[in-house]
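**Q** I need the structure of the sequence given here:
(4 chains)
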2 protein chains.
Amino acid sequence: MTTKREIQLERSKQSKHTKQPKQSKQFTMCQYAILASLAQEPRSGYDIAQWFAFVTKHFWSVGHSSIYPALADLEQRGLVEYTEVPSEQGPTRKVYHLTPSGTEMLMEWVELPAADAEVRDEQLVKALCYGFLPPERAIALLRMARARHVERKAHYEELARRREEEERTGDPHKAAAALGQRLTARRGVGVQESYIAWCDEAIAAIEEFHAQHNY
Amino acid sequence: MTTKREIQLERSKQSKHTKQPKQSKQFTMCQYAILASLAQEPRSGYDIAQWFAFVTKHFWSVGHSSIYPALADLEQRGLVEYTEVPSEQGPTRKVYHLTPSGTEMLMEWVELPAADAEVRDEQLVKALCYGFLPPERAIALLRMARARHVERKAHYEELARRREEEERTGDPHKAAAALGQRLTARRGVGVQESYIAWCDEAIAAIEEFHAQHNY
DNA sequence: AGGCGCATGTAAACTGTTACATGATTCG
DNA sequence: CGAATCATGTAACAGTTTACATGCGCCT
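**A** Numbering: from 1, shown residues only, chains lettered A, B, ... in the order given. Here you go, the predicted model:
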(Lines give C-alpha, C1' and ligand atoms only; values in the text may rest on other atoms or scores of the structure.)
Protein backbone atom coordinates (compact mmCIF):
# COMPACT_ATOMS: atom_id res chain seq x y z
CA MET A 1 0.00 0.00 0.00
CA THR A 2 2.85 2.35 0.86
CA THR A 3 4.55 4.17 -1.95
CA LYS A 4 7.91 2.90 -0.76
CA ARG A 5 6.83 -0.68 -1.30
CA GLU A 6 5.49 0.10 -4.75
CA ILE A 7 8.87 1.52 -5.68
CA GLN A 8 10.57 -1.65 -4.52
CA LEU A 9 8.15 -3.84 -6.46
CA GLU A 10 8.69 -1.66 -9.50
CA ARG A 11 12.42 -2.07 -9.16
CA SER A 12 12.23 -5.83 -8.89
CA LYS A 13 10.10 -6.01 -12.04
CA GLN A 14 12.56 -3.84 -13.91
CA SER A 15 15.49 -5.95 -12.82
CA LYS A 16 13.72 -9.06 -14.09
CA HIS A 17 13.12 -7.40 -17.43
CA THR A 18 16.71 -6.24 -17.80
CA LYS A 19 18.14 -9.55 -16.66
CA GLN A 20 18.26 -11.21 -20.06
CA PRO A 21 20.51 -8.83 -22.06
CA LYS A 22 23.08 -9.18 -19.28
CA GLN A 23 24.84 -12.30 -20.53
CA SER A 24 28.56 -11.57 -20.23
CA LYS A 25 29.69 -10.90 -16.69
CA GLN A 26 31.99 -8.06 -15.77
CA PHE A 27 35.64 -8.73 -15.22
CA THR A 28 36.77 -9.44 -11.69
CA MET A 29 39.56 -7.53 -9.95
CA CYS A 30 41.50 -10.77 -10.05
CA GLN A 31 41.38 -10.75 -13.83
CA TYR A 32 42.62 -7.17 -14.05
CA ALA A 33 45.48 -8.09 -11.73
CA ILE A 34 46.36 -10.97 -14.05
CA LEU A 35 46.28 -8.65 -17.06
CA ALA A 36 48.54 -6.23 -15.19
CA SER A 37 50.90 -9.10 -14.45
CA LEU A 38 51.01 -10.13 -18.10
CA ALA A 39 51.60 -6.51 -19.14
CA GLN A 40 54.96 -6.77 -17.36
CA GLU A 41 55.99 -9.83 -19.37
CA PRO A 42 54.46 -13.08 -20.75
CA ARG A 43 53.91 -15.62 -18.00
CA SER A 44 52.33 -18.99 -17.28
CA GLY A 45 49.64 -19.46 -14.64
CA TYR A 46 52.26 -20.91 -12.37
CA ASP A 47 54.54 -17.91 -12.91
CA ILE A 48 51.71 -15.52 -12.09
CA ALA A 49 51.00 -17.37 -8.86
CA GLN A 50 54.68 -17.20 -7.87
CA TRP A 51 54.83 -13.53 -8.76
CA PHE A 52 51.72 -12.74 -6.70
CA ALA A 53 53.22 -14.61 -3.77
CA PHE A 54 56.70 -13.07 -3.81
CA VAL A 55 56.30 -9.66 -5.41
CA THR A 56 52.75 -8.35 -4.92
CA LYS A 57 51.84 -10.09 -1.68
CA HIS A 58 51.64 -6.79 0.24
CA PHE A 59 48.81 -5.50 -1.94
CA TRP A 60 47.42 -8.36 -3.98
CA SER A 61 47.47 -12.14 -3.77
CA VAL A 62 45.31 -15.06 -4.90
CA GLY A 63 46.07 -18.77 -5.09
CA HIS A 64 46.60 -20.73 -8.29
CA SER A 65 43.09 -22.15 -8.14
CA SER A 66 41.71 -18.69 -8.86
CA ILE A 67 44.25 -17.96 -11.57
CA TYR A 68 43.73 -20.91 -13.92
CA PRO A 69 39.96 -20.42 -14.43
CA ALA A 70 40.47 -16.65 -14.75
CA LEU A 71 43.06 -17.15 -17.48
CA ALA A 72 40.79 -19.58 -19.33
CA ASP A 73 38.02 -16.97 -19.26
CA LEU A 74 40.31 -14.17 -20.45
CA GLU A 75 41.46 -16.38 -23.29
CA GLN A 76 37.89 -17.13 -24.40
CA ARG A 77 37.21 -13.40 -24.54
CA GLY A 78 40.31 -12.83 -26.66
CA LEU A 79 42.19 -10.67 -24.16
CA VAL A 80 45.07 -13.10 -23.77
CA GLU A 81 46.63 -15.86 -25.87
CA TYR A 82 49.08 -18.57 -24.98
CA THR A 83 51.88 -20.52 -26.59
CA GLU A 84 52.75 -23.94 -25.27
CA VAL A 85 56.35 -24.16 -24.17
CA PRO A 86 57.80 -27.49 -23.04
CA SER A 87 59.12 -27.50 -19.50
CA GLU A 88 62.08 -29.50 -18.20
CA GLN A 89 60.06 -30.43 -15.17
CA GLY A 90 56.38 -31.24 -15.25
CA PRO A 91 53.70 -30.62 -17.90
CA THR A 92 54.03 -28.19 -20.83
CA ARG A 93 53.76 -24.59 -19.76
CA LYS A 94 51.05 -22.37 -21.20
CA VAL A 95 52.80 -19.04 -21.51
CA TYR A 96 50.18 -16.29 -21.82
CA HIS A 97 50.61 -12.85 -23.33
CA LEU A 98 48.25 -9.91 -23.82
CA THR A 99 46.47 -9.39 -27.14
CA PRO A 100 46.00 -5.82 -28.43
CA SER A 101 42.42 -5.77 -27.10
CA GLY A 102 43.68 -7.12 -23.78
CA THR A 103 46.16 -4.27 -23.51
CA GLU A 104 43.45 -1.79 -24.45
CA MET A 105 41.01 -3.10 -21.84
CA LEU A 106 43.70 -3.05 -19.16
CA MET A 107 44.77 0.53 -19.88
CA GLU A 108 41.15 1.71 -19.88
CA TRP A 109 40.75 0.24 -16.42
CA VAL A 110 44.08 1.63 -15.18
CA GLU A 111 42.98 5.19 -16.00
CA LEU A 112 39.91 4.88 -13.77
CA PRO A 113 40.31 6.10 -10.16
CA ALA A 114 41.04 3.18 -7.83
CA ALA A 115 38.62 1.86 -5.20
CA ASP A 116 39.59 2.02 -1.54
CA ALA A 117 42.05 -0.58 -0.33
CA GLU A 118 40.56 -3.43 1.68
CA VAL A 119 42.58 -4.52 4.68
CA ARG A 120 42.16 -7.35 7.18
CA ASP A 121 44.80 -6.96 9.84
CA GLU A 122 44.40 -9.37 12.72
CA GLN A 123 47.30 -7.73 14.54
CA LEU A 124 45.36 -4.51 15.00
CA VAL A 125 42.22 -6.29 16.20
CA LYS A 126 44.41 -7.82 18.88
CA ALA A 127 46.04 -4.44 19.57
CA LEU A 128 42.57 -3.15 20.53
CA CYS A 129 42.86 -5.39 23.59
CA TYR A 130 46.51 -4.76 24.47
CA GLY A 131 45.41 -2.38 27.23
CA PHE A 132 43.89 -5.38 29.05
CA LEU A 133 47.04 -7.51 28.78
CA PRO A 134 49.99 -7.50 31.20
CA PRO A 135 52.38 -4.98 29.61
CA GLU A 136 55.25 -7.44 29.16
CA ARG A 137 53.00 -9.82 27.17
CA ALA A 138 51.75 -7.07 24.87
CA ILE A 139 55.29 -5.78 24.36
CA ALA A 140 56.60 -9.28 23.59
CA LEU A 141 53.91 -9.69 20.91
CA LEU A 142 54.74 -6.30 19.40
CA ARG A 143 58.44 -7.15 19.31
CA MET A 144 57.70 -10.35 17.38
CA ALA A 145 55.59 -8.40 14.89
CA ARG A 146 58.33 -5.80 14.56
CA ALA A 147 60.92 -8.44 13.71
CA ARG A 148 58.73 -9.82 10.90
CA HIS A 149 58.33 -6.37 9.38
CA VAL A 150 62.08 -5.68 9.52
CA GLU A 151 62.66 -8.84 7.51
CA ARG A 152 60.07 -7.92 4.93
CA LYS A 153 61.36 -4.40 4.57
CA ALA A 154 64.70 -5.84 3.44
CA HIS A 155 62.85 -8.03 0.92
CA TYR A 156 61.06 -5.09 -0.72
CA GLU A 157 64.22 -2.98 -0.69
CA GLU A 158 65.96 -5.72 -2.61
CA LEU A 159 63.09 -5.88 -5.13
CA ALA A 160 63.09 -2.10 -5.58
CA ARG A 161 66.84 -2.11 -6.21
CA ARG A 162 66.52 -4.77 -8.92
CA ARG A 163 63.70 -2.95 -10.73
CA GLU A 164 65.64 0.29 -10.64
CA GLU A 165 68.46 -1.43 -12.49
CA GLU A 166 66.05 -2.78 -15.08
CA GLU A 167 64.78 0.71 -15.78
CA ARG A 168 68.17 1.52 -17.29
CA THR A 169 67.98 -1.12 -20.04
CA GLY A 170 67.52 -0.05 -23.64
CA ASP A 171 64.08 -1.67 -24.15
CA PRO A 172 61.45 1.02 -23.45
CA HIS A 173 58.70 -1.50 -22.63
CA LYS A 174 60.89 -3.30 -20.10
CA ALA A 175 61.89 0.03 -18.56
CA ALA A 176 58.25 1.17 -18.25
CA ALA A 177 57.28 -2.18 -16.69
CA ALA A 178 60.19 -1.93 -14.26
CA LEU A 179 59.09 1.58 -13.22
CA GLY A 180 55.64 0.27 -12.29
CA GLN A 181 57.11 -2.62 -10.34
CA ARG A 182 59.61 -0.36 -8.62
CA LEU A 183 56.77 1.90 -7.45
CA THR A 184 54.93 -1.02 -5.86
CA ALA A 185 58.13 -2.36 -4.30
CA ARG A 186 58.79 1.08 -2.83
CA ARG A 187 55.29 1.02 -1.41
CA GLY A 188 56.18 -2.31 0.21
CA VAL A 189 59.17 -0.65 1.87
CA GLY A 190 57.00 2.23 3.07
CA VAL A 191 54.33 -0.11 4.48
CA GLN A 192 56.91 -2.07 6.46
CA GLU A 193 58.68 1.05 7.69
CA SER A 194 55.48 2.60 8.99
CA TYR A 195 54.54 -0.67 10.68
CA ILE A 196 57.94 -0.85 12.38
CA ALA A 197 57.53 2.74 13.57
CA TRP A 198 54.06 1.89 14.88
CA CYS A 199 55.37 -1.11 16.83
CA ASP A 200 57.95 1.13 18.50
CA GLU A 201 55.33 3.77 19.26
CA ALA A 202 52.94 1.16 20.64
CA ILE A 203 55.60 -0.36 22.91
CA ALA A 204 56.45 3.09 24.27
CA ALA A 205 52.77 3.96 24.77
CA ILE A 206 52.09 0.75 26.69
CA GLU A 207 55.12 1.27 28.93
CA GLU A 208 54.06 4.83 29.64
CA PHE A 209 50.47 3.81 30.29
CA HIS A 210 51.42 1.22 32.89
CA ALA A 211 54.00 3.49 34.50
CA GLN A 212 51.26 6.06 35.09
CA HIS A 213 48.52 3.65 36.17
CA ASN A 214 50.48 1.75 38.83
CA TYR A 215 53.35 3.91 39.93
CA MET B 1 49.60 -48.69 -6.95
CA THR B 2 52.05 -45.96 -5.94
CA THR B 3 52.87 -45.48 -2.28
CA LYS B 4 52.00 -41.82 -2.59
CA ARG B 5 48.46 -42.67 -3.55
CA GLU B 6 48.15 -45.06 -0.66
CA ILE B 7 49.15 -42.28 1.71
CA GLN B 8 46.46 -40.05 0.27
CA LEU B 9 43.82 -42.76 0.59
CA GLU B 10 45.00 -43.36 4.14
CA ARG B 11 44.65 -39.68 4.93
CA SER B 12 41.13 -39.49 3.50
CA LYS B 13 40.07 -42.47 5.63
CA GLN B 14 41.50 -40.87 8.73
CA SER B 15 39.72 -37.60 8.05
CA LYS B 16 36.44 -39.48 7.71
CA HIS B 17 37.04 -41.20 11.03
CA THR B 18 37.88 -37.98 12.85
CA LYS B 19 35.04 -36.07 11.26
CA GLN B 20 32.37 -36.94 13.79
CA PRO B 21 33.85 -35.55 17.03
CA LYS B 22 34.26 -32.23 15.23
CA GLN B 23 30.77 -30.84 15.82
CA SER B 24 31.25 -27.22 16.90
CA LYS B 25 32.97 -25.07 14.31
CA GLN B 26 35.84 -22.79 15.17
CA PHE B 27 35.24 -19.11 15.66
CA THR B 28 35.69 -16.84 12.67
CA MET B 29 37.94 -13.79 12.69
CA CYS B 30 34.80 -11.75 12.39
CA GLN B 31 33.56 -13.10 15.69
CA TYR B 32 36.81 -12.28 17.46
CA ALA B 33 36.60 -8.77 16.06
CA ILE B 34 33.08 -8.47 17.48
CA LEU B 35 34.28 -9.71 20.87
CA ALA B 36 37.10 -7.14 20.74
CA SER B 37 34.54 -4.46 19.94
CA LEU B 38 32.36 -5.48 22.88
CA ALA B 39 35.42 -5.53 25.16
CA GLN B 40 35.61 -1.77 24.61
CA GLU B 41 32.02 -1.24 25.76
CA PRO B 42 28.58 -2.87 25.42
CA ARG B 43 27.10 -2.31 21.98
CA SER B 44 24.22 -3.31 19.72
CA GLY B 45 24.77 -4.96 16.33
CA TYR B 46 24.04 -1.62 14.72
CA ASP B 47 26.60 0.11 16.94
CA ILE B 48 29.23 -2.47 16.04
CA ALA B 49 28.58 -1.95 12.34
CA GLN B 50 28.94 1.83 12.74
CA TRP B 51 32.09 1.41 14.78
CA PHE B 52 33.64 -0.91 12.18
CA ALA B 53 32.80 1.60 9.47
CA PHE B 54 34.08 4.74 11.16
CA VAL B 55 36.79 3.59 13.55
CA THR B 56 38.33 0.31 12.35
CA LYS B 57 37.79 0.64 8.62
CA HIS B 58 41.54 0.83 7.90
CA PHE B 59 42.16 -2.64 9.33
CA TRP B 60 38.83 -4.39 9.75
CA SER B 61 35.35 -4.00 8.34
CA VAL B 62 32.30 -6.19 7.71
CA GLY B 63 28.71 -5.27 6.90
CA HIS B 64 25.79 -5.63 9.29
CA SER B 65 24.61 -8.79 7.53
CA SER B 66 27.68 -10.59 8.84
CA ILE B 67 27.40 -9.13 12.31
CA TYR B 68 23.85 -10.17 13.29
CA PRO B 69 24.29 -13.91 12.63
CA ALA B 70 27.73 -13.82 14.29
CA LEU B 71 26.25 -12.23 17.41
CA ALA B 72 23.43 -14.81 17.52
CA ASP B 73 26.03 -17.57 17.36
CA LEU B 74 28.18 -16.02 20.10
CA GLU B 75 25.11 -15.70 22.28
CA GLN B 76 24.18 -19.37 21.82
CA ARG B 77 27.67 -20.33 22.93
CA GLY B 78 27.41 -18.17 26.02
CA LEU B 79 30.19 -15.73 25.13
CA VAL B 80 27.92 -12.71 24.97
CA GLU B 81 24.56 -11.72 26.45
CA TYR B 82 22.20 -8.92 25.58
CA THR B 83 19.72 -6.68 27.32
CA GLU B 84 16.88 -5.16 25.33
CA VAL B 85 16.92 -1.41 25.46
CA PRO B 86 14.08 0.61 23.88
CA SER B 87 15.19 3.01 21.18
CA GLU B 88 13.65 6.38 20.33
CA GLN B 89 13.89 5.50 16.66
CA GLY B 90 13.23 2.08 15.25
CA PRO B 91 13.01 -1.35 16.92
CA THR B 92 14.31 -2.19 20.40
CA ARG B 93 18.07 -2.36 20.56
CA LYS B 94 19.78 -5.54 21.67
CA VAL B 95 22.76 -4.25 23.60
CA TYR B 96 25.35 -7.01 23.89
CA HIS B 97 28.07 -7.37 26.50
CA LEU B 98 30.79 -9.97 27.10
CA THR B 99 30.25 -12.77 29.62
CA PRO B 100 33.21 -13.90 31.75
CA SER B 101 33.83 -16.84 29.40
CA GLY B 102 33.61 -14.47 26.44
CA THR B 103 36.29 -12.25 27.95
CA GLU B 104 38.43 -15.31 28.69
CA MET B 105 38.14 -16.66 25.14
CA LEU B 106 38.98 -13.24 23.67
CA MET B 107 42.07 -12.75 25.83
CA GLU B 108 43.33 -16.25 25.01
CA TRP B 109 43.09 -15.39 21.33
CA VAL B 110 44.69 -11.96 21.78
CA GLU B 111 47.82 -13.51 23.29
CA LEU B 112 48.37 -15.67 20.21
CA PRO B 113 50.70 -14.21 17.55
CA ALA B 114 48.70 -12.54 14.77
CA ALA B 115 48.40 -13.86 11.21
CA ASP B 116 49.73 -11.77 8.35
CA ALA B 117 47.59 -8.86 7.25
CA GLU B 118 45.61 -9.40 4.06
CA VAL B 119 45.48 -6.45 1.70
CA ARG B 120 43.67 -5.82 -1.56
CA ASP B 121 44.82 -2.50 -2.93
CA GLU B 122 43.51 -1.77 -6.41
CA GLN B 123 45.56 1.42 -6.52
CA LEU B 124 48.82 -0.50 -6.53
CA VAL B 125 47.66 -2.94 -9.20
CA LYS B 126 47.02 0.11 -11.35
CA ALA B 127 50.37 1.62 -10.33
CA LEU B 128 52.04 -1.42 -11.91
CA CYS B 129 50.93 -0.01 -15.25
CA TYR B 130 51.68 3.67 -14.64
CA GLY B 131 54.88 3.34 -16.66
CA PHE B 132 52.71 2.73 -19.75
CA LEU B 133 50.50 5.77 -19.18
CA PRO B 134 51.20 9.34 -20.33
CA PRO B 135 52.94 10.90 -17.31
CA GLU B 136 50.35 13.64 -16.76
CA ARG B 137 47.54 11.05 -16.53
CA ALA B 138 49.43 8.92 -14.01
CA ILE B 139 50.32 11.98 -11.96
CA ALA B 140 46.72 13.24 -11.99
CA LEU B 141 45.55 9.87 -10.63
CA LEU B 142 48.22 9.90 -7.93
CA ARG B 143 47.26 13.41 -6.88
CA MET B 144 43.62 12.33 -6.46
CA ALA B 145 44.72 9.40 -4.32
CA ARG B 146 46.96 11.67 -2.27
CA ALA B 147 44.08 14.04 -1.51
CA ARG B 148 41.94 11.18 -0.20
CA HIS B 149 44.70 10.05 2.13
CA VAL B 150 45.26 13.57 3.46
CA GLU B 151 41.59 13.71 4.41
CA ARG B 152 41.70 10.36 6.15
CA LYS B 153 44.85 11.20 8.03
CA ALA B 154 43.00 14.08 9.68
CA HIS B 155 40.16 11.69 10.59
CA TYR B 156 42.47 9.26 12.41
CA GLU B 157 44.36 12.08 14.10
CA GLU B 158 41.06 13.31 15.50
CA LEU B 159 40.19 9.80 16.73
CA ALA B 160 43.62 9.38 18.36
CA ARG B 161 43.26 12.71 20.15
CA ARG B 162 39.86 11.73 21.57
CA ARG B 163 41.09 8.35 22.85
CA GLU B 164 44.10 9.96 24.46
CA GLU B 165 41.75 12.15 26.48
CA GLU B 166 39.70 9.13 27.54
CA GLU B 167 42.83 7.44 28.86
CA ARG B 168 42.97 10.08 31.57
CA THR B 169 39.58 9.21 33.11
CA GLY B 170 39.43 7.51 36.48
CA ASP B 171 37.86 4.23 35.30
CA PRO B 172 40.73 1.78 34.67
CA HIS B 173 38.72 -0.36 32.22
CA LYS B 174 37.78 2.66 30.12
CA ALA B 175 41.37 3.86 30.16
CA ALA B 176 42.70 0.45 29.06
CA ALA B 177 40.09 0.29 26.26
CA ALA B 178 41.02 3.81 25.14
CA LEU B 179 44.70 2.84 25.00
CA GLY B 180 43.92 -0.01 22.60
CA GLN B 181 41.78 2.23 20.43
CA ARG B 182 44.38 4.97 20.45
CA LEU B 183 47.00 2.51 19.22
CA THR B 184 44.84 1.51 16.26
CA ALA B 185 43.97 5.13 15.49
CA ARG B 186 47.68 5.98 15.53
CA ARG B 187 48.23 3.13 13.09
CA GLY B 188 45.59 4.75 10.88
CA VAL B 189 47.58 7.98 10.93
CA GLY B 190 50.79 6.10 10.07
CA VAL B 191 49.15 4.22 7.19
CA GLN B 192 47.85 7.44 5.65
CA GLU B 193 51.14 9.28 6.16
CA SER B 194 53.15 6.57 4.45
CA TYR B 195 50.66 6.47 1.58
CA ILE B 196 50.92 10.24 1.12
CA ALA B 197 54.72 9.97 1.11
CA TRP B 198 54.48 7.19 -1.48
CA CYS B 199 52.24 9.29 -3.75
CA ASP B 200 54.82 12.08 -3.66
CA GLU B 201 57.65 9.67 -4.34
CA ALA B 202 55.75 8.06 -7.20
CA ILE B 203 54.96 11.41 -8.82
CA ALA B 204 58.64 12.40 -8.61
CA ALA B 205 59.75 9.02 -9.99
CA ILE B 206 57.38 9.24 -12.96
CA GLU B 207 58.52 12.79 -13.77
CA GLU B 208 62.14 11.76 -13.61
CA PHE B 209 61.54 8.65 -15.71
CA HIS B 210 59.92 10.58 -18.53
CA ALA B 211 62.48 13.37 -18.36
CA GLN B 212 65.21 10.79 -18.97
CA HIS B 213 63.40 8.74 -21.62
CA ASN B 214 62.39 11.60 -23.90
CA TYR B 215 64.69 14.48 -23.14
C1' DA C 1 61.71 -44.92 -2.45
C1' DG C 2 60.09 -40.80 -1.03
C1' DG C 3 59.96 -35.83 -0.83
C1' DC C 4 60.01 -31.57 -3.24
C1' DG C 5 59.43 -28.24 -6.98
C1' DC C 6 57.30 -27.75 -11.38
C1' DA C 7 52.79 -27.46 -13.71
C1' DT C 8 47.91 -27.73 -14.59
C1' DG C 9 43.41 -28.07 -13.34
C1' DT C 10 38.57 -29.09 -10.55
C1' DA C 11 35.28 -29.31 -6.59
C1' DA C 12 33.67 -28.47 -2.15
C1' DA C 13 33.54 -25.41 1.60
C1' DC C 14 33.73 -21.05 3.58
C1' DT C 15 33.28 -16.00 3.98
C1' DG C 16 31.50 -11.94 2.93
C1' DT C 17 28.68 -8.62 0.00
C1' DT C 18 24.45 -7.13 -2.22
C1' DA C 19 19.85 -7.22 -2.29
C1' DC C 20 15.62 -8.34 -0.02
C1' DA C 21 12.36 -7.44 3.82
C1' DT C 22 10.28 -4.69 7.52
C1' DG C 23 9.14 -0.77 10.17
C1' DA C 24 9.41 3.38 13.41
C1' DT C 25 10.75 8.33 13.83
C1' DT C 26 12.58 12.73 12.43
C1' DC C 27 13.46 16.45 9.26
C1' DG C 28 12.71 19.33 5.17
C1' DC D 1 5.06 13.13 1.48
C1' DG D 2 9.48 11.44 0.70
C1' DA D 3 14.22 10.82 2.24
C1' DA D 4 17.33 9.69 5.79
C1' DT D 5 18.67 7.54 10.08
C1' DC D 6 17.81 4.01 13.35
C1' DA D 7 17.37 -1.01 13.91
C1' DT D 8 17.09 -5.95 13.01
C1' DG D 9 17.31 -9.72 10.29
C1' DT D 10 17.42 -13.29 5.88
C1' DA D 11 18.58 -15.04 1.21
C1' DA D 12 20.93 -15.20 -2.98
C1' DC D 13 25.22 -14.52 -4.97
C1' DA D 14 30.20 -13.83 -5.70
C1' DG D 15 34.93 -14.63 -4.84
C1' DT D 16 38.58 -17.22 -2.50
C1' DT D 17 40.69 -20.82 -0.02
C1' DT D 18 41.44 -25.64 0.96
C1' DA D 19 41.53 -29.99 -0.54
C1' DC D 20 41.38 -33.17 -4.29
C1' DA D 21 43.57 -35.02 -8.52
C1' DT D 22 47.46 -36.03 -11.60
C1' DG D 23 52.14 -36.58 -13.11
C1' DC D 24 57.13 -35.61 -14.54
C1' DG D 25 62.03 -34.94 -13.07
C1' DC D 26 65.55 -34.07 -9.66
C1' DC D 27 67.86 -34.94 -5.49
C1' DT D 28 69.02 -37.64 -1.36
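
**Q** Have a look at chain A and report its longest helix.
**A** The single longest helix within chain A, with elements called by DSSP state H, is helix A:172-213.

**Q** So for that helix, mean pLDDT?
**A** The average pLDDT within helix A:172-213 is 97.

**Q** so how far is it from its chain's centroid?
**A** 16 Å (CA atoms, centre = their mean, to the nearest Å).

**Q** secondary structure class for the most centrally placed residue in chain A?
**A** By CA atoms, centre = their mean, chain A has its centre lying nearest to residue A:60, at 1.3 Å. Using DSSP: H, G, I helix; E, B strand; the rest coil, the structure places residue A:60 in coil.

**Q** Can you pull the phi/psi pair for it?
**A** Main-chain torsions, residue A:60, degrees, to the nearest 10: phi -160, psi 130.

**Q** Report all helices and strands that the longest helix of chain A contacts.
**A** Packing partners of helix A:172-213 (3 or more CB pairs under 8 Å, 6 or more residues apart in numbering or on different chains; DSSP states H and E): helix A:29-40, helix A:135-166, helix B:122-127, helix B:172-213. C-betas here are computed from N, CA, C, even on glycine.

**Q** Of these, flag the one that's most buried.
**A** helix B:122-127 (a mean of 25; mean count of other CB atoms under 10 Å in any protein chain shown).

**Q** do that helix and DNA strand D meet at all?
**A** No. With CB under 7 Å from any atom of the strand as the criterion, DNA strand D is not reached by helix B:122-127; the gap is at least 10.6 Å.

**Q** Next one, pLDDT for residue A:4 please.
**A** As predicted, residue A:4 sits at a pLDDT of 43.

**Q** closest point of chain A to DNA strand D, which residue?
**A** Residue of chain A nearest DNA strand D, by CB to the nearest atom of the strand: residue A:90 (2.7 Å).

**Q** helix or strand for that residue, which one?
**A** When elements are assigned from DSSP states H and E, residue A:90 belongs to no helix and no strand.

**Q** mind checking which helix or strand of chain A has the lowest mean pLDDT?
**A** When the helices and strands of chain A are compared on mean pLDDT, DSSP states H and E, helix A:3-17 comes out lowest with a mean of 43.

**Q** Let me see the domain layout of chain A.
**A** Per automatic domain parsing, the domain ranges recorded for chain A read A:23-110, A:122-213.

**Q** Can you get me the start-to-end distance on the longest one?
**A** This means domain A:122-213. 27 Å (CA to CA, to the nearest Å).

**Q** How far off centre is it?
**A** For domain A:122-213, the distance to the chain centre is 16 Å (CA atoms, centre = their mean).

**Q** swap in stretch A:55-75?
**A** Chain-centre distance of stretch A:55-75: 10 Å, with CA atoms, centre = their mean.

**Q** check contacts around the closest residue to residue A:66 other than its chain neighbours.
**A** Leaving aside its sequence neighbours, residue A:66 sits nearest to residue A:30 (CB to CB, 6 or more residues apart in numbering or on different chains; 5.7 Å). Shown in contact with residue A:30 (CB atoms under 8 Å, 6 or more residues apart in numbering or on different chains): A:62, A:66, A:67, A:70.

**Q** quick one: residue A:83 is in a helix?
**A** No. According to three-state DSSP, residue A:83 belongs to no helix; its state is strand.

**Q** Disregarding residues adjacent in the polypeptide, which is nearest to it?
**A** For residue A:83, ignoring the flanking residues on the chain, the nearest one in space by CB to CB, 6+ apart is residue A:95 at 5.5 Å.

**Q** before we move on, what about residue A:49?
**A** In space, residue A:49 is closest to residue A:64, 4.3 Å off (CB to CB, 6+ apart).

**Q** My guess is that neighbour contacts residue A:46. True?
**A** Yes. In this structure, residue A:64 is within contact of residue A:46 by CB atoms under 8 Å, at 7.0 Å.

**Q** more crowded one of these two?
**A** residue A:46 (17 against 13; other CB atoms under 10 Å in any protein chain shown).

**Q** Now do the SS call for the more buried one.
**A** helix.

**Q** what sits against it?
**A** Contacts of residue A:46 (CB under 8 Å, 6+ apart): A:64, A:93.

**Q** State the distance from it to residue B:156.
**A** As judged by CB to CB, to the nearest Å, residue A:46 and residue B:156 stand 40 Å apart.

**Q** got it, and residue A:158?
**A** Taking CB to CB, one finds residue A:158 at 31 Å from residue B:156.

**Q** ok, residue A:133 - contacts?
**A** Taking CB under 8 Å, 6+ apart, we find residue A:133 in contact with B:107, B:110, B:111.

**Q** how about 7 Å then?
**A** B:110, B:111 (CB atoms under 7 Å, 6 or more residues apart in numbering or on different chains).

**Q** Let me see the confidence value for it.
**A** The predicted local confidence for residue A:133 is 97.

**Q** cool, and residue A:18?
**A** On the pLDDT scale, residue A:18 is placed at 35.

**Q** re the thing from before, the contacts of residue A:30 also near DNA strand C: which ones?
**A** Among the contacts of residue A:30, none lies close to DNA strand C by the criterion of CB under 7 Å from any atom of the strand.

**Q** ok, which residues in chain A are in contact with DNA strand D?
**A** A:3-4, A:7, A:25-26, A:28-30, A:61-63, A:65-66, A:88-91.

**Q** PyMOL command for the buried members of the residues you listed?
**A** If you want just the buried ones from these in PyMOL, going by 16 or more other CB atoms under 10 Å in any protein chain shown, the selection is:
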select buried, chain A and resi 30+61+62+66
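
**Q** for the residue of chain A closest to DNA strand D, phi and psi?
**A** Here is the backbone geometry of residue A:90 (degrees, to the nearest 10): phi 80, psi -170.

**Q** Output the helices and strands packed on helix A:172-213 in TSV, with distance to DNA strand C appended to each entry.
**A** What follows is the helices and strands packed on helix A:172-213, written out as TSV (distance: least, CB to the nearest atom of the strand, whole Å):
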stretch	distance to DNA strand C
helix A:29-40	12
helix A:135-166	17
helix B:122-127	13
helix B:172-213	18
